[in-house]
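Peer 1: structure for this input, please:
(4 chains)
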Amino acid sequence: MQKLYPDAAAALDGLLFDGMTICAGGFGLCGIPERLIDAIQASGVKDLTIASNNAGIDNEGLGKLLRTRQVKKMISSYVGENKEFERQYLAGELEVEFCPQGTLAERCRAGGAGIPGFYTKTGVGTKVAEGKEVKNFDGQDYILERGIFADLAIVKAWRADESGNLQFRKTARNFNQPMATAAKICVVEVEEIVPTGSMDPDAIHLPSIYAKRMIVGAPYDKKIEFRTTRQREAA
Amino acid sequence: MQKLYPDAAAALDGLLFDGMTICAGGFGLCGIPERLIDAIQASGVKDLTIASNNAGIDNEGLGKLLRTRQVKKMISSYVGENKEFERQYLAGELEVEFCPQGTLAERCRAGGAGIPGFYTKTGVGTKVAEGKEVKNFDGQDYILERGIFADLAIVKAWRADESGNLQFRKTARNFNQPMATAAKICVVEVEEIVPTGSMDPDAIHLPSIYAKRMIVGAPYDKKIEFRTTRQREAA
Amino acid sequence: MPWDRNQIAARAAQELRDGYYVNLGIGIPTLVANNIPAGMTVTLQSENGMLGIGPFPYDDEVDPDLINAGKQTISELASTSYFSSSDSFAMIRGGHIDLTVLGAMEIAENGDIANWMIPGKMIKGMGGAMDLVAGVKKIIVVMEHNSKAGDPKFIPACTLPLTGKNVVDMIITDLCVFHRVDHDSPFRLIELAPGVTAEEVRAKTTAHYEEALVAA
Amino acid sequence: MPWDRNQIAARAAQELRDGYYVNLGIGIPTLVANNIPAGMTVTLQSENGMLGIGPFPYDDEVDPDLINAGKQTISELASTSYFSSSDSFAMIRGGHIDLTVLGAMEIAENGDIANWMIPGKMIKGMGGAMDLVAGVKKIIVVMEHNSKAGDPKFIPACTLPLTGKNVVDMIITDLCVFHRVDHDSPFRLIELAPGVTAEEVRAKTTAHYEEALVAA
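Peer 2: Modelled structure (predicted):
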């Protein structure tokens, strides 16, 4: 069973179709599946619904697919820092479902775990609750949120072993972990493939069952949105 | 902030009361909080409701609390291998809520995650569904299961650092991870305390926020229920 | 001659495909692991939180922290990963496991399965069986065709409390194989053990099924 | 003299307790981290999946894989752990975080908060704010007492779309501190910035509140 593909186009072969739903990992530009986004852009597939916490920035990350007008709808919690997004959204060309960040993460985790709906306090009494079932548990109101299970998940991991076990690095784990579980098929890009057996089996973030196709996307640029530093004190 | 206590009795001081609900980690006798169970037995607290996948075996694990009649009700998925349990249960002295194993794990994970209820296919059309709300999502029926959030969680980890970050070992992780999150306070017993900073921050199974009190319970016996082995071929 | 337990397991193993992730129940299902075709990668899941189950350990390798869902000591493989019970059943319930093989006391012609309790007897609990039959993509039941008393076990409707409703895809007994293409279709008899006749199966089965045997 | 931004943050820091796990929003809330009392262990959570936020990195330590929820580069501590967004918000929604400090555009006298959208303007999204106000044990809002136009921000009822309903426990402005003991009680004015009078607060506030100032 060979999970490793030569490149992103090959790994996505046969999986893309107009109108499909995609779960895309990453937070801001941290831990985004850069190569797979590029290949989706190159494929020309359109009318996409994309669940992703953010929508990239102008011409970075999912911003690339916005620029080429391949996206019909975004399901996101925060879409600042993106002029083209703003233009399309205000012009009514792009549909946006705003979803609280924790609810979005949980909806993907739930969808991947066979849970079609769950109740949460988040958003009770706000615009987010509009049109949603409200149920009272033990004296408190909660709203029903739906699981998300997409046609395809695209995620970025740090390392994979040949069997598909994945490890993420620092805060680049973010949405990649739940989203990898929340689709019919998950394609993963990694910085490095290591031999099976070289990861501590107690330190695997996502068992091999989720990564169905993999590519090595290195070398990575890893763009930084806000570079903040402090000064070393003079010796 | 000192989380380490000298022994199990000290770590449980002020937390036990008659009629309370406890989430107890472990699967069979694997990864059970032995020292904390002993201290609960010694405390004499009674009328306990305990959520635990199993109920120990005769005089091992939670079997000890059954023997002393401190348990009013068990929420479990499998209670075989336990004669005293069987006796009390058949005599109507012990209440049992059978809960499918995955539903039990998810109910604890949900309770710890602020989710009071979720829908699952598991148990639809069976005795488990009796009295539960059924809802149809996309043409399929699901039942509503409730989150569990106990007064106390008792779990066993392999290692903790001084700040309370936890690592489990192999299949002893099991229910310990979700149950540690599913109570007002979680007390943890570990085999070893290591200095803060000696664990890889990408390889921590449960962040320090959950372990409020800790003890070192070593040395451990680690009883085996079914010792199964194979023979080395002759050289 | 009807199939023995190992032959039933071997027949179930024919349903494996390269790359499958599989959960095996206790008893005959466990024997499926010994019948994985050479060259095929099949990864076994244990619902207590492990993917990549190895063989029973050598005596000096036994580790109390390393057991399967039957609480037997096991070993790990190079590809093994460990995770929590909640993550394990997220995997099961979420439909990520390709196949499960498990035993049953009764199967109904509509795909219902009963394998966890007998009213009036001590109830031990369903363990993970209800989650497995609800969540796994393909459900294969392996069982003796008839009970020790000779009663059919593949029957019009289950008499015992259900483990799952309309979930079974394939039944492999010591006599034959039943399969259905989807959960709206009837079971079809597709294969007989050597020397077993369709008449014998008919005589020993009360469930309705179709016959779709291919001439050998 | 009203409190400046750092003094507001310092006042919020007085609500910290040893062992607290805290989530700080962007802006004035971030300054709370600089005011943690010496000898007190307070662990900062970042909702993108980190517990134990360190200071901004030195220039040669910057790591694109290590950012906070404001997408700023940060550093790690000895006690740091990383986890997924779903585990992070399980922690937040599940009530495990002791305290959050965040900004607001409007607070209503019933504890409602609005801080995520202004109708007619570009909506950027609520990020994690709705989860934080719904889940964290204690919610402290830090804000200027009045808007730049001079309008009160602590008002009888929010006019902007809500972030959370009846969730705020304490309000710290440049002028004073309001607190309520529980979510069924009215806010009480408990403290004034140096030189600020109760009359001035009354004049600049339209929300109903009680006065419970302790003589200095």
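Peer 1: A:A39 should be in a helix, yeah?
Peer 2: Yes - the secondary structure assignment for A:A39 places it in a helix, going by DSSP: H, G, I helix; E, B strand; the rest coil.
Peer 1: excluding its backbone neighbours, what's nearest it?
Peer 2: With C-beta to C-beta, 6 or more residues apart in numbering or on different chains as the criterion, A:A39 has its nearest non-adjacent residue at 3.6 Å, and that residue is A:A8. C-beta coordinates here come from the backbone N, C-alpha and C atoms, glycine included.
Peer 1: contact partners for the closest residue to C:G127 other than its chain neighbours?
Peer 2: Among residues not flanking C:G127 along the chain, B:Y78 sits closest, at 4.2 Å (C-beta to C-beta, 6+ apart). Contacts for B:Y78 (C-beta atoms under 8 Å, 6 or more residues apart in numbering or on different chains) come out as B:N53, B:N54, B:Q101, C:K124, C:G125, C:M126, C:G127.
Peer 1: if I pick the fifth one, what's in contact with it?
Peer 2: Pointing back at C:G125 there. If you count contacts by C-beta under 8 Å, 6+ apart, C:G125 has them with B:S76, B:S77, B:Y78, B:V79, B:G80, B:F98, C:W116.
Peer 1: what's the answer for the first one, then?
Peer 2: Contact criterion C-beta under 8 Å, 6+ apart gives B:G26, B:F27, B:G28, B:S76, B:S77, B:Y78, B:Q101, B:L104, B:A105, B:N174, B:F175, C:S85 as the residues in contact with B:N53.
Peer 1: how about 7 Å then?
Peer 2: The contact partners of B:N53, by C-beta atoms under 7 Å, 6 or more residues apart in numbering or on different chains, come to B:F27, B:S76, B:S77, B:Y78, B:Q101, B:L104, B:F175.
Peer 1: gap between the last one and B:Y78?
Peer 2: From B:F175 across to B:Y78, the span is 12 Å (C-beta to C-beta, to the nearest Å).
Peer 1: do the same with the first one
Peer 2: Here the distance between B:F27 and B:Y78 works out to 9 Å (C-beta to C-beta).
Peer 1: overlap of the contact sets of these two?
Peer 2: In the contact map built from C-beta under 7 Å, 6+ apart, the residues linked to both B:F27 and B:Y78 are B:N53, B:N54.
Peer 1: tell me which residue lies farthest from the centre of chain C.
Peer 2: Outermost residue of chain C with respect to the C-alpha centroid, by C-alpha atoms, centre = their mean, is C:D60; its distance is 31.3 Å.
Peer 1: number of residues surrounding residue 12?
Peer 2: This is for chain A. Other residues within reach of A:L12 by the criterion other C-beta atoms under 10 Å in any protein chain shown amount to 23.
Peer 1: my bad, the chain I had in mind was chain C
Peer 2: Residues within reach of C:A12, counting by other C-beta under 10 Å, total 24.
Peer 1: before we move on, the earlier item: wait, what's in contact with the residue nearest to A:A39?
Peer 2: Taking C-beta under 7 Å, 6+ apart as the criterion, A:A8 is in contact with A:R35, A:L36, A:D38, A:A39, A:E189, A:I215.
Peer 1: could I get those as CSV with pLDDT, neighbour count and distance to C:H145?
Peer 2: Shown next, in CSV, are the contacts of A:A8 (pLDDT from 0 to 100; neighbours: other C-beta atoms under 10 Å in any protein chain shown; distance: C-beta to C-beta, whole Å):
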residue, pLDDT, neighbour count, distance to C:H145
A:R35, 98, 23, 53
A:L36, 98, 27, 50
A:D38, 97, 15, 56
A:A39, 98, 23, 52
A:E189, 98, 28, 50
A:I215, 98, 25, 48
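Peer 1: which one of these is nearest chain B?
Peer 2: The closest of the contacts of A:A8 to chain B turns out to be A:E189 (C-beta to the nearest C-beta; 18.3 Å).
Peer 1: quick one: that closest one and D:T73, what's the gap?
Peer 2: Taking C-beta to C-beta as the measure, A:E189 falls 22 Å from D:T73.
Peer 1: picking up where we left off before, tell me the pLDDT at the residue nearest to A:A39?
Peer 2: If you check A:A8, the pLDDT there is 98.
Peer 1: and the contacts of B:Y78 as TSV, adding pLDDT?
Peer 2: Compiled in TSV, those are given as follows (pLDDT from 0 to 100):
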residue	pLDDT
B:N53	97
B:N54	95
B:Q101	98
C:K124	92
C:G125	94
C:M126	96
C:G127	96
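Peer 1: buried among those residues? Need that as a selection in ChimeraX.
Peer 2: Once 16 or more other C-beta atoms under 10 Å in any protein chain shown is used to decide burial, the buried members of the contacts of B:Y78 can be selected in ChimeraX as follows:
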select /B:53,54,101 /C:124,125,126,127
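Peer 1: could you dump the contacts of B:Y78 to a markdown table with distance to C:M143 and secondary structure?
Peer 2: Listed next are the contacts of B:Y78 as a markdown table, based on distance: C-beta to C-beta, whole Å; DSSP: H, G, I helix; E, B strand; the rest coil:
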| residue | distance to C:M143 | secondary structure |
| --- | --- | --- |
| B:N53 | 26 | coil |
| B:N54 | 25 | coil |
| B:Q101 | 22 | helix |
| C:K124 | 18 | coil |
| C:G125 | 20 | coil |
| C:M126 | 17 | coil |
| C:G127 | 17 | coil |
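Peer 1: surely the residue farthest from the centre of chain C is within a helix?
Peer 2: Yes - with the criterion set as three-state DSSP, the secondary structure at C:D60 is a helix.
Peer 1: what's the helix or strand of chain A with the lowest mean pLDDT in contact with?
Peer 2: Across the helices and strands of chain A, the lowest-confidence element by mean pLDDT, DSSP states H and E is helix A:83-90, at a mean of 88. By C-beta under 7 Å, 6+ apart, the residues outside helix A:83-90 that reach it are A:A55, A:D58, A:G63, A:L66, A:R67, A:V79, A:L94, A:V96, D:M122.
Peer 1: can you tell me the average pLDDT over the helix or strand hosting C:N23?
Peer 2: The secondary structure element spanning C:N23 is strand C:21-24 (assigned by DSSP states H and E). Taken as a whole, strand C:21-24 has an average pLDDT of 98.
Peer 1: for it, which strands pair with it and how are they oriented?
Peer 2: Sheet pairing of strand C:21-24 (DSSP bridges) gives strand C:43-46 (parallel), strand C:99-102 (parallel).
Peer 1: what sits up against it?
Peer 2: A:209, C:16, C:30, C:32-33, C:42-45, C:47, C:92, C:96-101, C:132, C:136.
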